[in-house]
Every structure is written in C-alpha cells, then in structure tokens.
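Novice: for reference, the sequence and a predicted model appear below.
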Amino acid sequence: MIAVKVSVVLPSINNENTIGRVLTEVLRQGPDEVIVVDSSTDRTPEIVGEFKNVRLIHEDRPGPAVARNAGWRAAKGDVIVFLDADCIPGKGWLDEMLVHLDKYDIVQGVYSREGGNLAAHWTNFILQHKWSRLKPIGNGLRELTWLMTLSTAMRRSVLEKLGGFDISFTGCSGEDANFGHRAVAAGYKMVLNENADVRHYHDFSTYISLRKQFNHAKTRWQVARKGKTTDGNVTKMTYAETGLHGLLIPAAALVLIGQPLYFIALLAACLILDLRIGMWTVRETHKMSDIFITIFYFLTVLSWATGAVYGMKNIRRRSA
C-alpha cells in the first residue's frame, strides 16, 4: 500500500481493565494518530490521559456509532482504523490491516483464539468457525459480506461517501452490519484478513454473554428495515439454524399439555446440529473439554432466536 497517514480510532465505555494494554500495543505499531472517544464512568479517561500521544474525546451521547463518527471526523488520517477498546492487537496487526487497502476498500481483522474467560473463549471460537466457512481467496483472506467493526480499516473517502455510521443504532450492535450492507450496495469490496488478529478480553458471565447475543439478534430487524441486506450464504445458514432453534419456544407449550414428543425430537435435532461446533472446536484445540461448547452454542442460538422474535415484535409495534 502507498504511504498514507493512518489514524486509529477506539470507541470506549468503561474499559479501564484493558485500555492501557490496548493503547500500549497500538502505539508500538506506529500509527500516525490515535484517538479514544470515551463515554466512561470508570477510570478509563484517567488511564488514557497517561498516554501523551493519544487524543481523548469525551462523548456524552450513547452508542459506538456516535463514538466512531466523532472519532473519524476528528481524525487527520487518510486511512481510518477502528479498534474496540477491549481488543489487544497481535504482532504485525496494523501492517496487515493496511497492506490490502490498495485492492480492497474495507479490511476486517479477526479475534484470536485466546483472551478472556470461558464464555469469551467459546464466543471467539463460534466466530472463528463462522469465519472459516467464508470463501477463501488466498493469503489468509476471505470474501466478506457482513461486517464487524471490532478491527476494521478503510479510507476516509469510504466513510465520507456513506456518511459514516447510522446513529439511530444507539446500542452496541447493528451499526456495523448496517454500514457493511450499505458499503457493499455502494460497490465497495470488503475482505476478512485472518492474519490481522486481536486478543478479545472480556470477563462477561455466561448470562451476560447470552444477553448480548439476544440484543444482537434483536437489532437484526432494525438492520433489515434500513434497507436491502447483503448477507452471504454463511449468515443465511445462521438464520436457518436460528429459525430451527426458535421452534423450540412454541414446542415447549406441547410439553405442558402432555405431548412432549415433538419438543424432545426437535431438541435432539438442534443438539445434533450444534454438535458440529463442538467437534470442530475440539479438532482445533485438541481439548476434549471444549466439546461442551455444544451446549453454549445451543444456548447462544436460542438467545438469537428469542431476540429475533422480540425484535420483530418491536418493529411491528413501531410500524402500527
């Protein structure tokens, strides 16, 4: 890639446990500018203030869409790299984020296979499995039709053309998928770079992790309502899995009237389907204990299904 000025933008809210390590590693990799857009109530601003080469912007409005927009608009770089404040870059991360921008318009990195508690570990592997099903195009790259801005690079001109992120997404979900759909619809090319990895550190309980998945699914209806989606076959397969698991909810009512057979058969079908995640993870980690990710994945997809139903209900209520 030709020489350009690079700005790294980190939206942050209450990341006191990770922001110091993240900034240390980002600065070590030599960007021209680092900006933290912060809405925290903890010690995050104080920690950021210890880094003289980092610019801190306070943002009172909620949501990562607002924070990312404030960051890239304040940045001086020709290329903007977005990074979540709980993601510690691996070696060579920034170079890998930039090297393919001559050919592609948007480059997304990946979570590594380390970092966080057991729920975080298994969540990372669920995403790794999903990414592994994307079409490979060589050099550690895969075709990408849906976007996660955990670690994403693009030229400023892309953001200017698309108007940045949609601030009607006030939660921590949906704004990146919406941006990706609009980018593909506008003719921009997106790619996943498996060589650009970050260690995702969080200590959410299993309950909070599942609740986050519920919220992600809930916002998918908002994303769809905003315009035509560009999800590829991998994401459409996820929708099919979610629909199958969602049938467990009405099927549970049959148990109450003394007809449990349909529920038991459907439950068995879902667990058999989910077992492929467990088997894939065990092959990757060589740890038999990771077979229990099957149960975690089952609960995750059930959370998606419940969130999707709730989101559809809210959209219909607003449209009424």
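Specialist: Structure's in. What do you need? Remember, predicted model here, so these are calculated numbers, not experimental data.
Novice: residue 299: which element?
Specialist: Secondary structure from DSSP states H and E places residue 299 in helix 293-319.
Novice: what comes into contact with the helix or strand residue 46 falls within?
Specialist: Assigned by DSSP H and E, residue 46 belongs to helix 44-48. Outside helix 44-48, the residues within contact range by Cβ atoms under 8 Å, 6 or more residues apart in numbering are 12-16, 19-20, 23, 36, 38, 54, 56, 58, 85. C-beta: built from backbone N, CA, C; applies to glycine.
Novice: may I see the buried residues of the helix or strand where residue 272 lies?
Specialist: Secondary structure from DSSP H and E places residue 272 in helix 261-285. Judged by neighbour count (16 or more other Cβ atoms under 10 Å), helix 261-285 contains these buried residues: 263, 266, 267, 270, 273, 274, 277, 278, 280, 281, 282.
Novice: got TSV for these, with distance to residue 296 and pLDDT too?
Specialist: Shown next, in TSV, are those (distance: Cβ to Cβ, whole Å; pLDDT from 0 to 100):
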residue	distance to residue 296	pLDDT
263	21	92
266	19	93
267	16	94
270	13	94
273	14	92
274	9	94
277	9	94
278	9	96
280	13	96
281	10	95
282	13	96
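Novice: and which of those is nearest residue 292?
Specialist: Set against residue 292, the nearest of these by Cβ to Cβ is residue 278 (7.2 Å).
Novice: so the residue nearest to residue 30 when sequence neighbours are not counted, which state does it fall into?
Specialist: Distances taken as Cβ to Cβ, 6 or more residues apart in numbering put residue 94 closest to residue 30, at 6.9 Å, once the chain neighbours are dropped. Three-state call for residue 94 (DSSP: H, G, I helix; E, B strand; the rest coil): helix.
Novice: how many other residues sit next to residue 94?
Specialist: Using other Cβ atoms under 10 Å, residue 94 is surrounded by 22 other residues.
Novice: where does the residue nearest to residue 205 when sequence neighbours are not counted sit: helix, strand or coil?
Specialist: Nearest non-adjacent residue to residue 205, counting by Cβ to Cβ, 6+ apart: residue 119, 6.7 Å away. With three-state DSSP as the basis, residue 119 sits in helix.
Novice: and residue 119, how far from residue 24?
Specialist: For residue 119, the distance to residue 24 (Cβ to Cβ, to the nearest Å) stands at 25 Å.
Novice: quick one: mean pLDDT over the helix holding residue 46.
Specialist: For helix 44-48, mean pLDDT is 97.
Novice: quick one: residue 104 and residue 10, what's the gap?
Specialist: Using Cβ to Cβ, residue 104 is found at 22 Å from residue 10.
Novice: who's more crowded, these two?
Specialist: With neighbours defined as other Cβ under 10 Å, residue 104 and residue 10 compare such that residue 10 has more, 26 against 19.
Novice: the helix or strand containing the more buried one pairs with which strands?
Specialist: Residue 10 is part of strand 6-12, with elements assigned from DSSP H and E. Partner strands for strand 6-12, per DSSP bridges, with pairing direction: strand 33-38 (parallel), strand 79-83 (parallel).
Novice: just put the ones you listed in a markdown table and tack on mean neighbour count, distance to residue 158 and mean pLDDT.
Specialist: Shown next, in a markdown table, are these (neighbours: other Cβ atoms under 10 Å; distance: least, Cβ to Cβ, whole Å; pLDDT from 0 to 100):
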| stretch | mean neighbour count | distance to residue 158 | mean pLDDT |
| --- | --- | --- | --- |
| strand 33-38 | 24 | 18 | 98 |
| strand 79-83 | 26 | 9 | 98 |
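Novice: mind putting those into a markdown table with distance to residue 176?
Specialist: A markdown table is the format used below for the strands paired with strand 6-12 (distance: least, Cβ to Cβ, whole Å):
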| stretch | distance to residue 176 |
| --- | --- |
| strand 33-38 | 15 |
| strand 79-83 | 9 |
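Novice: nearest to residue 149, of those?
Specialist: Nearest of those (Cβ to Cβ): strand 79-83, 4.9 Å.
Novice: which residues are in contact with the helix or strand following that closest one?
Specialist: As assigned by DSSP H and E, the chain's next helix or strand after strand 79-83 is strand 87-89. Residues from elsewhere that reach strand 87-89, judged by Cβ under 8 Å, 6+ apart: 18, 21-22, 25-26, 29, 83, 111, 115, 150-151, 198-201.
Novice: among these, which ones are in strands?
Specialist: Members of these lying in strands (criterion: DSSP state E): 83, 111, 151, 198, 199, 200.
Novice: mind checking which of the contacts of helix 44-48 are buried?
Specialist: Buried by 16+ other Cβ under 10 Å: 12, 13, 15, 16, 19, 20, 23, 36, 38, 54, 56, 85, out of the contacts of helix 44-48.
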